[in-house]
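*Asks:* here's my sequence, what's the structure:
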Amino acid sequence: MAAPVSVSHTHVHSIRVQGGREALVARVLVAEGAEGYGFTLNGDAGVARDMAGWDAAARSRRLSLPGLLGAAACREIAVRADELPAIAPDWDAFRRGLRENRWKLLRLDPFAWGSLEKIHSIAAVAGDRPIALLAPNAHPWELTWCAALAATLSARESLVIVRAGPAQNAIAVPGGPGVGIDWSLEPGFAAVRWEPR
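*Replies:* Sure thing, here's the model as predicted:
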């Protein structure tokens, strides 16, 4: 499943977020005229570009990400602390683990796996196992992305996990067009000088 848009321009920029970490932020422009944004705190620009492509796809159709992917109406996604490690992004080890029934809850870091398509592929082969998406730094942008992505999954149960106690027990799935991340939470984002169209 590729982002259902034709990307005409991509620009990735590095910013410093308030906590001091580096974030890569991406903007894509699509042939339909919409723009979309994405980010990552793990240094993999591909993750930011993938998210931006999906954001633009949803914005161009004036749908939320879950709406674009045919998910049920917007809802809240549970957030909880979980210290167990996320499943490493290794298809062979993942398949072995499924066959051996190693996990009751699939803990996935969507930023490590890299794309929405990979998370959806995992959900497709996971059967009815619940899926937890890790927001590795518990950054508000990560929480929103994980909630929007969790709402698109067909798993029996999907939730967001963080390493330390969550500041909230649930996060609302954004209902407006796109992914729904509040980019204004980081002043560095507003300062980005995006390349012209």
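*Asks:* so how far is residue 70 from the residue nearest the centre of the chain?
*Replies:* Nearest to the geometric centre of the chain sits residue 145, at 3.8 Å (Cα atoms, centre = their mean). Residue 145 is 19 Å from residue 70, where distance means Cβ to Cβ, to the nearest Å. C-beta here means a position set from N, CA and C on the backbone, and glycine is covered the same way.
*Asks:* do the same with residue 164
*Replies:* Residue 164 is 34 Å from residue 70, by Cβ to Cβ.
*Asks:* assign the residue nearest to the centre of the chain to helix, strand or coil.
*Replies:* Following DSSP: H, G, I helix; E, B strand; the rest coil, residue 145 is assigned to helix.
*Asks:* next up, the contacts around it.
*Replies:* Neighbouring residues of residue 145 by Cβ atoms under 8 Å, 6 or more residues apart in numbering: 51, 110, 135, 179, 181.
*Asks:* who wins for most neighbours among these?
*Replies:* Counting neighbours by other Cβ atoms under 10 Å, residue 51 leads those with 30 neighbours.
*Asks:* return the residues in contact with that one.
*Replies:* Residue 51 neighbours (Cβ under 8 Å, 6+ apart): 26, 36, 37, 38, 39, 40, 116, 145, 179.
*Asks:* now those in TSV, with pLDDT?
*Replies:* Output for the contacts of residue 51, formatted as TSV (pLDDT from 0 to 100):
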residue	pLDDT
26	96
36	95
37	97
38	97
39	97
40	96
116	94
145	96
179	94
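*Asks:* quick check, nearest of those residues to residue 171?
*Replies:* The nearest member of these to residue 171, counting by Cβ to Cβ, is residue 145 at 10.4 Å.
*Asks:* quick check: next helix or strand after the helix ranked longest in the chain?
*Replies:* Under DSSP state H, the helix in the chain containing the largest number of residues is helix 45-60. Beyond helix 45-60 in the direction of the C-terminus, DSSP states H and E gives the next helix or strand as helix 65-68.
*Asks:* where are the low-confidence patches of the protein?
*Replies:* 1-4, 73-74 (pLDDT under 70).
*Asks:* my guess is residue 150 is in a helix, correct?
*Replies:* Yes. Judged by three-state DSSP, residue 150 forms part of a helix.
*Asks:* so for it, what's the nearest residue that isn't a sequence neighbour?
*Replies:* Spatially, and ignoring its direct neighbours in sequence, residue 150 is nearest to residue 158 (4.0 Å; Cβ to Cβ, 6 or more residues apart in numbering).
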